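Undergrad: Structure for the following, please:
(one chain, ligands or ions: 1)
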Amino acid sequence: QGKGKPNVVSSGATKVKLTVNGKDHVLMLEPRAVLLDVLRNDLNLTGCKDVDDRTASGADTVMIDGKPVLASSRLAIQCVGQTIQTVESLSDGKNVDEVITGFVKHDAMQCGFCTPGFVMATRAVLNKNPKASLEEIQKQLGGNICRCGTYHGITKCALEIAKKGGA
Ligand code: FES
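TA: Just a heads-up that it's a prediction; the model follows:
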């Protein structure tokens, strides 16, 4: 046995500051905490969905520093210093992002489980290019899956906004 305390890196909770939807949150999190779980369980932001554990569906799409990211693919501690945006940020109770109203208009949801992820992915496409083409929209939404088959309505919504030149 060596002298003094063993050189062990703690796996216990540590203080982590996350910036989510414009607010800073200081949380005690284990280094292994996954962003999706922290958003849903610690911050009660349940828009992003926990569909699978292999980041295969896109239902957990959020934006980090403006880019679409699967929240189940990141550890929370990886997101320190970054700006995290969830679907909840697209409505303040009075004003609703036109991607959301467009989904309603074009009947782009059935069970709705994939919808928050698609809304965020669609918003990300249109932020990147407010006049996105059909090909760009389809390509950039390619990582999101809808088992109910609402792709047509989602594409129509995105294209309609893109034709107006974006919000
Ligand atoms: Fe049901 Fe997309 S609306 S999975």
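Undergrad: In terms of helices and strands, where is A124?
TA: If you go by DSSP states H and E, A124 is part of helix 115-128.
Undergrad: Quick check: mean pLDDT of that helix?
TA: Across helix 115-128, pLDDT averages out at 97.
Undergrad: List the buried residues of it.
TA: Applying a neighbour-count criterion of 16 or more other C-beta atoms under 10 Å, the buried positions in helix 115-128 are 115-126. For the C-beta atoms, the positions are set from N, CA and C on the backbone; glycine is no exception.
Undergrad: And stretch 150-167, by the same measure?
TA: For stretch 150-167, burial by neighbour count (16+ other C-beta under 10 Å) applies to 150, 153-159, 161-162.
Undergrad: Other residues contacting that stretch?
TA: Contact partners of stretch 150-167, identified using C-beta atoms under 8 Å, 6 or more residues apart in numbering, comprise 97-99, 102-103, 105-110, 114-115, 118, 122, 125-127, 129-134, 137-138, 141, 146.
Undergrad: returning to what we had before: what element comes up after the helix holding A124 heading to the C-terminus?
TA: Using DSSP H and E, the helix or strand that follows helix 115-128 in sequence is helix 134-140.
Undergrad: would I84 count as being in a strand?
TA: Yes: under DSSP: H, G, I helix; E, B strand; the rest coil, I84 falls within a strand.
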